[in-house]
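Chemist: Predicted model and sequence follow; I will ask about them next.
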Amino acid sequence: MTALELAPYRDAAPLEVRDLACRRGERLILEGVEFSVPPGRALILRAPNGAGKTTLLRAVARLTPPVRGTISLSPERMTWFGHADGVKAQLTVTENLDFWARVHGSDTIAPALAAFRLEDLADRPAAYLSAGQRRRLGLARLLVARRPVWLLDEPTVSLDSATVATFARVVGAHLAAGGLALIATHIPLGLDEEDVLDVTPFRARENAERAHDPFLDAGFAPMAGARDGTAQDGETRP
Amino acid sequence: MMALLGRDLALALRSGGGFGLSLAFFLIVVVFVPFGVGPDTEVLARIAPGVLWIAALLSCLLSLDRIFQLDWEDGSLDALVMAPLPLEGVVAMKALAHWLTTGLPLTVIAPLLGVLLDLPGPAAPWVFLSLLVGTPALSLLGAFGAALTVGIRRGGLLLSLLVMPLYIPTLIFGALTASRAGEGLDFLTPFALLGGVTLLAAALIPFAAAAALRINLR
Amino acid sequence: MMPDLGKYALWVLSAYGAGLVLIAALVIQSIWRDRKMARLLAEIEARQKRSGGRHG
Amino acid sequence: MSIWEYANPVRFMRLSDRVLPWLAALSAIVMLVALVWGFFFTPDDYRQGSTVKIIFIHVPAAMIAINAWVMMLVASLIWLVRRHHVSALAAKAAAPVGAVMTMIALVTGAVWGEPMWGTWWAWDPRLTSFLILFLFYLGYIALWAAIDNPDTAADLTSVLAIVGSVFAVLSRYAALIWNQGLHQGASLSMDRAEHVADVFYYPLVTAIVGFILLFVTLVVLRTRTEIRARRLRALLARESRE
């Protein structure tokens, strides 16, 4: 395999997250999240399922606006890749990628096809791709978007080891070009440039959760039970 | 933007779901009306403009849930929100794509189906024109309903319930234009109002639908 | 006691009847649902209080 | 101390706990007085006979039907701008009350219309508008019911209330153009002498006050229910996390 090279990203800047609090639904899940990822590094988010990896990624992407805290980079510099790959079965591989290229104003999809070994499949409708090929096509969107910050939620799920290696190579090239990545995954990619952050310690504490949700206020407790009958009796009596 | 329009048109044409089905449904509803009200041509001629409008409106409802649902399920919507496009523009383009694949074909065949209902000659061009001006509002309001219900499993029925009251002004002015034209009465007032409703929807709905989408994506 | 409603008695009475029945149904449903919710909530509050002091 | 203090659920519960019995008693008394006055102690109209008595239910219900939607719109805007949970829940609480009031206005209108116009239902613009309003209520309630996450539901129903208001007003004018109606003009206005004689005017005003009090009572009560439901949900969610 030849080494993959990507054009360097302009004005590389670190992703700094300070005192971030995020919610899922109406509940506060994480608080006080702090980390910094310099250009050229990847940060692997690790935690058991349900601890808030996806929540954190969506907050960084501003898909779910954070409750509190600062994120140094704007979402215009980020690309999102989640559990679902966004591939349209009715379109061919080229059409799928071409769409995202035009949306992002990129002129060529050839490097992305090459990086994910999709050249031979270029004219095939996505409906006829194998699960792994389809996933690669989804991931190829990252290269077409040409944005320096990648937010990846379980990108290697359901991938065979060869595809994982391909993907790791692409992420490596992205980092070498001055990009950075935030990756929620159980399986480390085995990159030289990766750091690991355990999300578990940032789980929202009881009193923070209570401060966030007015319906957890302790002031409720004395009135909710005992005095209840009295309130509505006036309604029935007259 | 044009890329999005092109993609949505290609998807609608290739999946075969929305495009052909709405037209077939339209045909069936129009054919069923004489079965229901009897073959008296005088009666049919009188109700024809209204029937065509109602049938077009119902056919339009069928494919609404596809506007955002598929993109939501496969994750494209998340990517689109992060893409360098204003979400309001995305909504407008998707409504336009829906109209081009549903409202426009319905508009074109409505005067032809009018033959089955003895649609009066002078009404035919106004059925066409009123649908041409009115159906974009149906697609826009439908996109709003689709944005509200995108996170709801089997939201199709709810979507119809939410959208139909919003369709009332368009239906009233549209059907009134066509039927008054058939009776030789003043039809320009309702026609102008019909255009007004469509313009209002075009100005207001992209913002409301984009807001609803952002809320649903949280 | 009963006012003479004349030939419209049936309509007046049924309008009042329908209106009052609907209002009564709304009031009763509102009270019933509030009581039910209060009871459920009281149960949960009590259970959480028993199961550990950390809950408030 | 600002009025927004009561937007806090706990404060709202405390205050409403004290106020609700009085409010309920007052509204019951006023309603009783108004309806007894209207039903037993008003004369027949020279044209409409005894059917004029229906006015004491029909008109107040119709006023509440419209104003409940306006209140929901205002509460929705407050929720969107200031994120006060009580405001969102009050909008949710008002919807079924508004829907039932709309239904009362429609039913009593139909019963009144039969002897007066000779038909149970006329597609008169005002009746039509209320029917449309009823559809809007149904959609609003259904949307609240369909969404699991309460904050998302509050946001989306608020957006629907805003867009719905615009199109409800449009529908009203569409119905006017569509069919000029049979309805008499406003039965209650500033220059009341022209429209309603004093013997009907005072019990009618009393009935309107009674309906307003009833509406406020029911909305406060139902808001309390919704607050409890939210607390229940929050407690269960916390429990399942342990």
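Modeler: Structure received.
Chemist: going forward, measure contacts between C-alpha atoms and count neighbours the same way
Modeler: OK.
Chemist: Which residue would be the closest one in chain C to chain A?
Modeler: Proximity of chain C to chain A (Cα to the nearest Cα) peaks at residue C:42, 4.6 Å away.
Chemist: Tell me how many other residues surround that residue.
Modeler: 21 (other Cα atoms under 10 Å in any protein chain shown).
Chemist: Spell out which residues of chain C are next to chain A.
Modeler: Residues of chain C lying near chain A by Cα under 8 Å from any Cα of the partner chain: C:31, C:35, C:38-39, C:41-42, C:45, C:56.
Chemist: Spatially nearest residue to residue B:191 (excluding sequence neighbours)?
Modeler: Closest residue to residue B:191 apart from its sequence neighbours, by Cα to Cα, 6 or more residues apart in numbering or on different chains: residue B:177 at 5.5 Å.
Chemist: Against the centre of chain B, work out the most remote residue.
Modeler: Distance from the C-alpha centroid of chain B peaks at residue B:40, with 29.4 Å (Cα atoms, centre = their mean).
Chemist: distance of that one from residue B:214?
Modeler: Note on residue B:40: its distance to residue B:214, by Cα to Cα, to the nearest Å, is 52 Å.
Chemist: Ok, residue B:134 next?
Modeler: 27 Å.
Chemist: Counting neighbours, go ahead and name the busier of those two.
Modeler: Neighbour totals were compared for residue B:134 and residue B:214, and residue B:134 leads with 30 against 17 (other Cα under 10 Å).
Chemist: Count the neighbours of residue 178 for me.
Modeler: If you meant another chain, say so; for now it's chain A. 22.
Chemist: that's the other chain; I wanted chain D
Modeler: 19.
Chemist: Could you do residue A:159 as well?
Modeler: 16.
Chemist: Which strand or helix spans it?
Modeler: Using DSSP states H and E, residue A:159 maps to neither a helix nor a strand.
Chemist: how about the nearest residue to it once chain neighbours are set aside, phi and psi?
Modeler: Leaving out its chain neighbours, the residue that sits closest to residue A:159 by Cα to Cα, 6+ apart is residue A:132, at 5.8 Å. Dihedral pair for residue A:132: phi -70, psi -40, per degrees, to the nearest 10.
Chemist: how far away is residue A:132 from chain D?
Modeler: 34 Å (Cα to the nearest Cα, to the nearest Å).
Chemist: so who does residue 51 touch?
Modeler: All of this is about chain A. A:29, A:199-200, A:203 (Cα atoms under 8 Å, 6 or more residues apart in numbering or on different chains).
Chemist: nope, chain D please
Modeler: Contacts of residue D:51 (Cα under 8 Å, 6+ apart): C:8-9, C:11-12, D:44-45, D:112.
Chemist: one step back: which residues are in contact with the residue nearest to residue B:191?
Modeler: By Cα under 8 Å, 6+ apart, residue B:177 lies in contact with B:126-127, B:130, B:187-188, B:190-191.
Chemist: same question for the helix or strand containing the residue of chain C closest to chain A, mean pLDDT?
Modeler: Residue C:42 is part of helix C:9-50, with elements assigned from DSSP H and E. Averaging pLDDT along helix C:9-50 gives 92.
Chemist: Of the contacts of residue A:51, which is the nearest to chain B?
Modeler: Distances from chain B to these, taken by Cα to the nearest Cα, are shortest for residue A:29, at 13.7 Å.
Chemist: Could you double-check that the residue nearest to residue A:159 lies in contact with residue A:158?
Modeler: Yes. Using Cα atoms under 8 Å, residue A:132 is in contact with residue A:158, at 7.4 Å.
Chemist: Name the residue in those two with the higher neighbour count.
Modeler: Set residue A:132 next to residue A:158 and count neighbours by other Cα under 10 Å: residue A:132 wins out with 17 against 12.
Chemist: Could you report the distance from residue C:19 to residue C:49?
Modeler: Residue C:19 sits 45 Å away from residue C:49, going by Cα to Cα.
Chemist: for residue B:216, same thing?
Modeler: Applying Cα to Cα, the value for residue B:216 to residue C:49 is 35 Å.
Chemist: List the contacts of the lowest-mean-pLDDT helix or strand in chain B.
Modeler: When each helix and strand of chain B is scored by mean pLDDT, DSSP states H and E, helix B:2-15 comes last, with a mean of 85. Outside helix B:2-15, the residues that touch it by Cα under 8 Å, 6+ apart are A:90-91, A:99, A:102-103, B:18-19, B:90, B:93-94, B:96-97, B:100-101.
Chemist: Swap in 6 Å and give it another go.
Modeler: Residues outside helix B:2-15 that contact it (Cα atoms under 6 Å, 6 or more residues apart in numbering or on different chains): A:99, B:93, B:97.
Chemist: How about stretch D:104-117?
Modeler: With contacts defined as Cα under 6 Å, 6+ apart, stretch D:104-117 is touched by C:11, C:15, C:19, D:58, D:61-62, D:120-121.
Chemist: The residues you listed into TSV, with extra columns for neighbour count?
Modeler: Output for these, formatted as TSV (neighbours: other Cα atoms under 10 Å in any protein chain shown):
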residue	neighbour count
C:11	21
C:15	26
C:19	24
D:58	23
D:61	28
D:62	22
D:120	14
D:121	17
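Chemist: Give me the spatial nearest neighbour of residue D:72, chain neighbours excluded.
Modeler: Leaving aside its sequence neighbours, residue D:72 sits nearest to residue D:91 (Cα to Cα, 6+ apart; 4.5 Å).
Chemist: Distance check, residue A:33 against residue A:76.
Modeler: With the distance defined as Cα to Cα, residue A:33 ends up 21 Å from residue A:76.
Chemist: What of residue B:84?
Modeler: Taking Cα to Cα, one finds residue B:84 at 7 Å from residue A:76.
Chemist: quick one, which of these two is more surrounded?
Modeler: Set side by side, residue B:84 and residue A:76 show more neighbours around residue B:84, with 16 against 13, by other Cα under 10 Å.
Chemist: Run through the residues of chain D sitting next to chain C.
Modeler: Residues of chain D found near chain C (Cα under 6 Å from any Cα of the partner chain) are D:40, D:50-51, D:104, D:108, D:111, D:225, D:232.
Chemist: can you rerun that using 7 Å?
Modeler: D:40, D:50-51, D:53-54, D:57, D:100, D:104, D:108, D:111-112, D:222, D:225, D:228-229, D:232 (Cα under 7 Å from any Cα of the partner chain).
Chemist: Which parts of chain D are helices?
Modeler: Applying DSSP state H to chain D gives helices spanning D:9-40, D:55-82, D:85-117, D:125-146, D:150-178, D:192-195, D:198-241.
Chemist: Please name the nearest non-neighbouring residue to the residue in chain B that chain C sits nearest to.
Modeler: As assessed by Cα to the nearest Cα, chain C sits closest to residue B:161 within chain B, at 23.0 Å. Leaving aside its chain neighbours, residue B:161 sits nearest to residue D:139 (5.7 Å; criterion: Cα to Cα, 6+ apart).
Chemist: thinking the one you found is in contact with residue B:164, fair?
Modeler: No. Between residue D:139 and residue B:164 there is no contact under Cα atoms under 7 Å: 9.2 Å.
Chemist: tell me which element residue A:34 is part of?
Modeler: Using DSSP H and E, residue A:34 falls within strand A:27-37.
Chemist: what angle separates that strand from helix D:150-178?
Modeler: 110 degrees (axes from the mean of the first three to the mean of the last three Cα atoms, to 10 degrees).
Chemist: what's the angle between strand A:27-37 and helix D:198-241?
Modeler: 50 degrees.
Chemist: list the helices and strands the following helix or strand past strand A:27-37 packs on?
Modeler: Next in sequence after strand A:27-37, counting helices and strands by DSSP H and E, comes strand A:42-46. Applying 3 or more Cα pairs under 7 Å, 6 or more residues apart in numbering or on different chains; DSSP states H and E, we find strand A:42-46 packed against strand A:180-184, strand A:194-198.
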